[in-house]
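Visitor: Prediction below, plus the sequence it came from.
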Amino acid sequence: MIVAVAASGTDLEAQSEPRFGRCAYFALVDTETMESRAMENTAALQGSGAGIAAVQLIANAGAEAVIAGNVGPNAFQTLAAGGIKAYGHQGGTVRQVVEALGAGTLAEIGGANVPSQFGMGGDAPGPTGSVPSGAPADA
């Protein structure tokens, strides 16, 4: 499966980012081989509609799933319409969050977990609604 990870850099050791639509890069990782390539998130610079445009970018790149801490309502609706699953994370490198997905410890995001245009206010706080399975809900 090809997964798009919201990332701050271009390789597997880059930090994953909490913001989906306004992350700097997407690391596209094949979960079976761990082969990766990065693409700049050109949608991040849009005044509005960054989440929808980001979904279009990753869908065109063949992503079947997304890993990000926060996904807004428009992005989530577009992901769902395209059949792309979204998974939350608690931070770590691109490699760590993809390995966590493979191990089954990332929770699937069942809906938007931040309000519309949340990522426009500067650095977003840590992920919400993305508690790994087995962790307490207030972790």
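Guide: Received the coordinates, thanks. Fair warning: this is a prediction, and the values are worked out from it, not measured in the lab.

Visitor: just how off-centre is stretch 35-43 within its chain?
Guide: Between the centre of stretch 35-43 and the centre of its host chain there is 12 Å, according to C-alpha atoms, centre = their mean, to the nearest Å.

Visitor: And it, what's buried?
Guide: In terms of neighbour count (16 or more other C-beta atoms under 10 Å), stretch 35-43 has its buried residues at 36, 38-39, 41, 43. Using the backbone N, CA and C atoms, a C-beta is placed for each residue, glycine as well.

Visitor: measure that stretch end to end?
Guide: 24 Å (C-alpha to C-alpha, to the nearest Å).

Visitor: sorry, back to before: nearest to L101 among the buried residues of stretch 35-43?
Guide: S36 (13.4 Å; C-beta to C-beta).

Visitor: Give me the distance between the closest one and V98.
Guide: If you measure S36 against V98 using C-beta to C-beta, to the nearest Å, the figure is 8 Å.

Visitor: which residues are common contacts for the two?
Guide: Shared contacts of S36 and V98, defined by C-beta atoms under 8 Å, 6 or more residues apart in numbering, comprise 12, 29.

Visitor: show me where this structure has helices.
Guide: For the chain, helices defined by DSSP state H occupy the ranges 50-60, 73-81, 94-103.

Visitor: Quick one: closest of these to T10.
Guide: If we rank the helices of the chain by C-beta to C-beta, the stretch that ends up nearest is helix 94-103, at 9.4 Å.
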